[in-house]
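Below are the sequence and a predicted model; questions follow.
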Amino acid sequence: MTASFDLNPQKLLSTSEPATAMEIKLRRRSRISSAMRYSVLLIFGLIMLYPLIWLIGASFKTNSEIFASPSFWPKDPTLSGYIKGWETSTPYTFGRFFWNTFLIITPKVIGTAISCTLVAYGFARFDFPGKRILFMTVIATLLLPNVVTRIPQYLLFRDIGWLDSFLPLWVPSAVAGDAFFVFMLIQFLRAIPRDMEEAARVDGANTLQTLVYIVVPMLMPAIVSVCLFQFMWTMNDFLGPLIYLSSIDKYPVSLALKLSIDTTEAFDWNQILAMSVLALAPSLTVFFIAQKYFIEGISTGGVKG
Amino acid sequence: MGGDNKYLGYFYVAPYVAGLLLFTAFPFAASFYLSFTDYDLLSTPKWTGLDNYHKLFTRDRTFDKSLKVTLLYVFMTVPIKLAFALLIAVILNYRLKAINFFRTAYYVPSILGGSIAIAVLWRYIFAQSGLVNMIIGLVGLEPINWFGDPQNALITITLLRCWQFGSAMVIFLAALQSVDKSLYEAASIDGANQWHLFRYITLPLITPVIFFNLIMQTVQAFQEFNGPYIITEGGPLKSTYLLPLYIYEKAFKSFDMGYASAIAWVLFAIIMVLTLAAFWSSKKWVYYAGDKRS
């Protein structure tokens, strides 16, 4: 799955023959431009990441310091933003909102992983009448803007009495509703040779056993990618909970943050910044632990498409 | 698999089919129907023919404004974001030792950028005495009124989207890394310089990925909601009032479901036309080699 990273005409040249004067000149020039590349990347990266660094620093600042200097370093570090922000102006603490986020994410991720694996297996390993058309609907759904289906979906969930519950957030994902993941897993599956599966079938395993014991272990990195992306997207999801959830005791972190901007007094900036840091913490942690799955997932979904 | 019942595949794709019918196909058709009705959630939908569309295009100044702003937003963000993504990917692709470090650093904003917390951060850093104006002040320039001026407000949400170029960059980088090295060698021997190599070998070979990114980014940009909703609240003077915001407020604030559906369908039609145009034009500029990737 991983491509070779080394794309270096210079090294390829230098391995074979002794260096000529021309090559030495080229090499020196390439050293200079490589230093330039590093500086561009570093400066640009710093500009990009500085807002995040500032956010973390500012969350430990006093309110009077936040708008006083562009430095991220708090002169007079305080935890008051975290302590007061955690309490919120509602009867609930942020603990409740994190718990709600967890309650939304866990079933959604599990449902996504199982349903998308089954469906991708069906598409990648079986022929059946209408498969081409059905596969085209996967691509079409991938490109279909949610904005078109959102209103009737809302009406549907209202009619079956699911409003103000987590069901509208769980169920569509549990039936492989996120076409991107189905597509990604199909791409991964196509790259996995079928020999092992065929051997298992010859030994008398049925297709479901083959899926569970042979395909899933080989597909595991891709399934992990799917879970991680779904985790991130659900952490970031705002419009879904905004439309479907109305009681504050069911709010996830994203809605609670919006609520705290609206209700926190105008000068309690550090509380909002502190809660923003906490809201980003799970995604950042998961990303740093498992970044290779993100990179592989997105590369395969995009490049092999 | 050979020898199996030819309907066995249905067992596996059944969840998808159920979801497709229930949560995609039916809502899709229903929203088309609703766009021709007047529906306030209390009574049953009342058929009004083309009234909604007629009103949209002749009497609705907000729609006019919102549509213009949305198109401006998309046509600003998509090219800038993709150009950045490609530029950084090309630089990273020069066998830099720290490639993984930089790739991670540049990818982080894509992971977090869609979240409410980042939108909140944007409100702070573009505030009148916020981080950006403080830095501008250090260089001795006048502070900029980011949220009070219609043009500047649009810039803040545009920057937020461009800031998240990392995911497109990762896709570009993977494509660049899969370009066959022997092509470069052969061309170098023939005397091609760096720019030639990029222009005549790399660029044609990654056109499928440029195409993929172009389509996905465009479809996503048209649906931006969190940024303008949290950062600028659509203002000032509706200068950041993107169509998804308008649809949301019509549907879930004024409960004008029929009218909101009509706006959604206009938005959908625009995305469709642009996507189809991209697919049509792709025959002329997207180069598909035989599938030789492992």
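Sure thing, it's come through. Residues are numbered from 1 along each chain as shown, chains lettered A, B, ... in the order given.

Break down the stretch 1-150 of chain B into its helices, ranges please.
Assigned by DSSP state H, counting those that start in this stretch, the stretch 1-150 of chain B shows helices spanning B:8-19, B:26-34, B:51-58, B:61-92, B:99-112, B:116-125, B:131-138, B:150-163.

So whichever strand or helix holds A:I139, near chain B or not?
If you go by DSSP states H and E, A:I139 is part of helix A:131-143. Yes: residues of helix A:131-143 contacting chain B under C-beta under 8 Å from any C-beta of the partner chain: A:K131, A:L134, A:T137, A:V138, A:T141, A:L143. Placement of C-beta: from N, CA and C, glycine included.

distance of the first one from B:Q177?
In this case it means A:K131. 32 Å (C-beta to C-beta, to the nearest Å).

Contact partners for A:V286?
Contact analysis of A:V286 by C-beta atoms under 8 Å, 6 or more residues apart in numbering or on different chains lists A:L228, A:F231, A:M232.

Quick check, the first one in contact with A:K292.
Spelled out, it's A:L228. No: applying C-beta atoms under 8 Å, one finds A:L228 not in contact with A:K292, separated by 10.3 Å.

Who has more neighbours out of those two?
A:L228 (21 against 14; other C-beta atoms under 10 Å in any protein chain shown).

Remind me which helix or strand the more buried one belongs to.
Under the criterion of DSSP H and E, A:L228 resides in helix A:216-236.

Which residues outside the helix or strand immediately after that helix in the chain are in contact with it?
Using DSSP H and E, the helix or strand that follows helix A:216-236 in sequence is helix A:239-244. Here helix A:239-244 makes contact (C-beta under 8 Å, 6+ apart) with A:104, A:150, A:154, A:157, A:162-165, A:168-169, A:251-252, A:254-255, A:258, B:225-226, B:248, B:252.

Where helices are concerned, which of the residues you listed count?
Of the contacts of helix A:239-244, the ones assigned to helices by DSSP state H are A:I104, A:R150, A:Y154, A:F157, A:P168, A:L169, A:S254, A:L255, A:K258, B:N226, B:Y248, B:F252.

quick one: contacts for the first one?
The neighbours of A:I104, taking C-beta under 8 Å, 6+ apart as the test, are A:F166, A:L169, A:W170, A:T234, A:P241, A:P252.

Tell me the spacing between it and B:F126.
30 Å.

that older thread, got a PyMOL select line for the buried ones in the residues of helix A:131-143 next to chain B?
Burial among the residues of helix A:131-143 next to chain B is assessed by 16 or more other C-beta atoms under 10 Å in any protein chain shown; the matching PyMOL selection reads:
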select buried, chain A and resi 134+137+138+141
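
So which of the contacts of A:I104 wins on neighbours?
Busiest of these [other C-beta under 10 Å] is A:P252, holding 28 neighbours.

part of a strand, is A:R201?
No: applying DSSP: H, G, I helix; E, B strand; the rest coil, one finds A:R201 to be helix, outside a strand.

Would you mind confirming that it makes contact with A:L211?
No: here A:R201 does not reach A:L211: they are 11.1 Å apart, not a contact under C-beta under 8 Å.

Write out the residues of the stretch 201-305 of chain A neighbouring chain B.
Residues of the stretch 201-305 of chain A lying near chain B (C-beta under 8 Å from any C-beta): A:201, A:207, A:232-233, A:235-236, A:238-239, A:243, A:253-255, A:257-258, A:261, A:269, A:272-273, A:275-277, A:279-280, A:283-284, A:287-288, A:291, A:294-295, A:298-300, A:302-305.

rerun at 6 Å
A:232, A:236, A:238-239, A:254, A:257-258, A:276, A:279-280, A:283, A:287, A:291, A:295, A:298-299, A:302-303, A:305 (C-beta under 6 Å from any C-beta of the partner chain).

By mean pLDDT, which helix or strand of chain A comes out lowest?
helix A:9-16 (a mean of 41; mean pLDDT, DSSP states H and E).

What residues of the helix or strand just after that helix count as buried?
From helix A:9-16 onward toward the C-terminus, using DSSP H and E, the following helix or strand is helix A:21-58. Using 16+ other C-beta under 10 Å as the test for burial, helix A:21-58 gives A:30, A:37, A:41, A:44-45, A:48, A:51-52, A:54-58.

And the next helix or strand past helix A:21-58?
In the C-terminal direction from helix A:21-58 (assignment by DSSP H and E), the next one is helix A:63-66.

and that following helix, anywhere near chain B?
No: counting by C-beta under 6 Å from any C-beta, chain B has no neighbours in helix A:63-66; the shortest distance is 7.6 Å.

ok, and what's touching that helix?
A:A58, A:F267, A:W269, A:N270 (C-beta atoms under 6 Å, 6 or more residues apart in numbering or on different chains).
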